[in-house]
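Q: Give me a model of this one.
(chains A, B and C)
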Amino acid sequence: MIVTGSINFQTRGDCDIVDITPQVARQVAESGVNSGTVTVFVPGSTAGVTTIEYESGLLTDLKRLWERVVPRNVHYDHDRRWGDGNGHSHVRASVLGPSLVVPFTDGKLTLGAWQQIILVDFDNRPRSRQAVLQIMGE
Amino acid sequence: MIVTGSINFQTRGDCDIVDITPQVARQVAESGVNSGTVTVFVPGSTAGVTTIEYESGLLTDLKRLWERVVPRNVHYDHDRRWGDGNGHSHVRASVLGPSLVVPFTDGKLTLGAWQQIILVDFDNRPRSRQAVLQIMGE
Amino acid sequence: MIVTGSINFQTRGDCDIVDITPQVARQVAESGVNSGTVTVFVPGSTAGVTTIEYESGLLTDLKRLWERVVPRNVHYDHDRRWGDGNGHSHVRASVLGPSLVVPFTDGKLTLGAWQQIILVDFDNRPRSRQAVLQIMGE
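A: Numbering: from 1, shown residues only, chains lettered A, B, ... in the order given. All right, here's what the predicted structure looks like:
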């Protein structure tokens, strides 16, 4: 049994971190699928998906990590070629990855108590984003 | 066909790297599912899942990588706010990610000969951990 | 409904980045599965899978990132023990991860317009590689 859903939202870009847990949980609960997995996938090459304890201190810490490890102000061949200044966004997105798979049982995600599903928009400008939810199970 | 399993174990924390391949392989083999995928997911926001050649040299190398790239001794807003000193654990877990999906055929994981499934516990203290296994297929 | 496929190819090693989107898209389209997910998994512990906008500037940028964050010329216990000089390859592969899950609907991957599926071979020599494709759905 397969139910395809999606979440549409605006981001502010620049490592904007959006908690999409409520929408994922609701679409799983309403899918009529009892037990299975939900694949959360972000189309596009400047955003990624993972989990975090969604509290403001950690959001700052995660942004700081990306600035330190994949800084915006080093040379990117992508920027020289395309001039859109978001080489760092692409590299960060490739490292983080665009997909996350979360199991559920009895219509409920198996997340930890302090674990939220996040989309990180690394692009250097506000974007309209869509996350695809593929709910599979029985 | 869906079979939900789990693995429960103790970790020592501090980047403890646990090889869970035998348990995953056994639960897949005993599930009665011939071909499909197993999703390995760790509930919680201070641990992650990936694969490695599980030999002691590489375990040291992987721990050293995390110390270098996401050091424990830089400032974390999370620590200032919550005082539990594990800001680095959370950030590492978000970068590594909590889910891994491994295909299997004829009840056998498609891992390489020198490739093991590991749970990395980044927390700064020993923990009781559970990995959820969602086995799907036919 | 499960269809297991694979892609076989040669890489040049040394962070060779191979676009496998055409093969994944074709095998999904020809699988007879209308809607579901494809799990792309690389057996082996010195390669990983993710997505990127596949243009030559970014390929250089991604290679440069790995050289900077997980350099080949620092000490690796793995190299001292096994002497094959690819400690950095293993560590990079563990961080990037060996699996990617992409949803599809109507036989078509839900990738963004500028988003390709890549296998990154971190090993320090040319390799014969196989990517396993587990196509599941209805």
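Q: going forward, measure contacts and count neighbours with C-alpha atoms only.
A: Noted.
Q: Return the residues in contact with residue A:2.
A: Residues near residue A:2 by Cα atoms under 8 Å, 6 or more residues apart in numbering or on different chains: A:134, A:135, A:136, A:137, C:35, C:36, C:137, C:138.
Q: Touching, the last one and residue C:34? I think so.
A: So that's residue C:138. Yes - assessed by Cα atoms under 8 Å, residue C:138 is found in contact with residue C:34 at 5.9 Å.
Q: Between the two, which has more neighbouring residues?
A: residue C:34 (18 against 15; other Cα atoms under 10 Å in any protein chain shown).
Q: Mind checking what helix or strand follows the helix or strand harbouring residue A:5 in sequence?
A: Using DSSP states H and E, residue A:5 sits within strand A:2-11. Scanning forward in sequence from strand A:2-11, with DSSP H and E defining helices and strands, the next element found is strand A:16-19.
Q: Give the pairing partners of that following strand; include direction for each.
A: Strand A:16-19 sits in its sheet next to strand A:116-121 (antiparallel), going by DSSP bridges.
Q: ok, how many other residues are close to the closest residue to residue A:118 other than its chain neighbours?
A: Among residues not flanking residue A:118 along the chain, residue A:19 sits closest, at 4.6 Å (Cα to Cα, 6 or more residues apart in numbering or on different chains). The tally of other residues near residue A:19 (other Cα under 10 Å) stands at 16.
Q: ok, residue A:125 - how many residues close by?
A: For residue A:125, using other Cα under 10 Å, the count is 13.
Q: right, is the helix or strand where residue A:27 lies up against chain C?
A: Assigned by DSSP H and E, residue A:27 belongs to helix A:21-30. No - counting by Cα under 8 Å from any Cα of the partner chain, chain C is not contacted by helix A:21-30; separation bottoms out at 15.1 Å.
Q: does that helix come close to chain B?
A: No - in terms of Cα under 8 Å from any Cα, no part of helix A:21-30 sits within range of chain B; the closest distance is 13.8 Å.
Q: At the contact with chain C, which residues of chain A appear?
A: A:1-2, A:39, A:41-45, A:69-70, A:76-79, A:81, A:87, A:90-91, A:93-101, A:132-134, A:136.
Q: redo that, cut-off 7 Å
A: Counting by Cα under 7 Å from any Cα of the partner chain, chain A comes close to chain C at A:2, A:41, A:43-45, A:76-78, A:81, A:90-91, A:94-95, A:97, A:99, A:134.
Q: for chain A, which helix is longest?
A: In chain A, taking DSSP state H as the definition, the longest helix is helix A:56-69.
Q: Wondering if that helix reaches chain B at all.
A: Yes - judged by Cα under 7 Å from any Cα, helix A:56-69 comes into contact with chain B at A:57, A:58, A:60, A:61, A:62.
Q: just these now: which is nearest chain C?
A: Set against chain C, the nearest of these by Cα to the nearest Cα is residue A:62 (16.2 Å).
Q: ok, back up a step: report the rounded mean pLDDT for the helix holding residue A:27.
A: Helix A:21-30 shows a mean pLDDT of 98.
Q: Residues of chain A that sit close to chain B?
A: Residues of chain A lying close to chain B (Cα under 7 Å from any Cα) are A:36, A:50-53, A:57-58, A:60-62, A:96, A:100-103, A:110-112, A:114-115, A:137.
Q: how about a cut-off of 6 Å?
A: Of all the residues in chain A, those in contact range of chain B (Cα under 6 Å from any Cα of the partner chain) are A:50, A:51, A:52, A:53, A:57, A:58, A:61, A:62, A:111, A:112, A:115.
Q: For the residue lying closest to residue A:109 once chain neighbours are set aside, the count of nearby residues, please.
A: Of all residues not flanking residue A:109 in the chain, residue A:103 sits nearest, at 6.1 Å (Cα to Cα, 6+ apart). Using other Cα under 10 Å, residue A:103 has 28 neighbouring residues.
Q: What of residue A:113?
A: Neighbour tally, residue A:113, other Cα under 10 Å: 10.
Q: helix, strand or coil for the closest residue to it other than its chain neighbours?
A: Of all residues not flanking residue A:113 in the chain, residue B:44 sits nearest, at 7.1 Å (Cα to Cα, 6+ apart). Here residue B:44 is recorded as coil under DSSP: H, G, I helix; E, B strand; the rest coil.
Q: how much space between residue B:44 and residue B:121?
A: Using Cα to Cα, to the nearest Å, residue B:44 is found at 10 Å from residue B:121.
Q: Lowest-scoring secondary structure element of chain A by mean pLDDT?
A: Counting by mean pLDDT, DSSP states H and E, the weakest-scoring helix or strand in chain A turns out to be helix A:77-82, with a mean of 91.
Q: list the helices and strands that helix packs on?
A: When contacts are defined as 3 or more Cα pairs under 6 Å, 6 or more residues apart in numbering or on different chains; DSSP states H and E, helix A:77-82 sits against helix C:56-69.
Q: Low-confidence regions, chain A specifically.
A: Filtered on pLDDT under 70, chain A yields no residues whatsoever.
Q: Number of residues surrounding the closest residue to residue A:29 other than its chain neighbours?
A: Nearest in space to residue A:29, with sequence neighbours left out and distances taken as Cα to Cα, 6+ apart, is residue A:107 at 4.9 Å. Residue A:107 has 20 neighbours, counted by other Cα under 10 Å.
Q: From chain B, how far off is residue A:107?
A: Separation of residue A:107 from chain B (Cα to the nearest Cα, to the nearest Å): 13 Å.
Q: thinking again about what came up before, isn't the residue nearest to residue A:113 right up against residue A:110?
A: No - Residue B:44 is beyond contact range of residue A:110, at 9.6 Å (criterion: Cα atoms under 6 Å).
Q: Between the two, which is the more surrounded one?
A: Taking other Cα under 10 Å, residue B:44 and residue A:110 do not tie; residue B:44 has more neighbours (24 against 19).
Q: Fine by me, thanks again.
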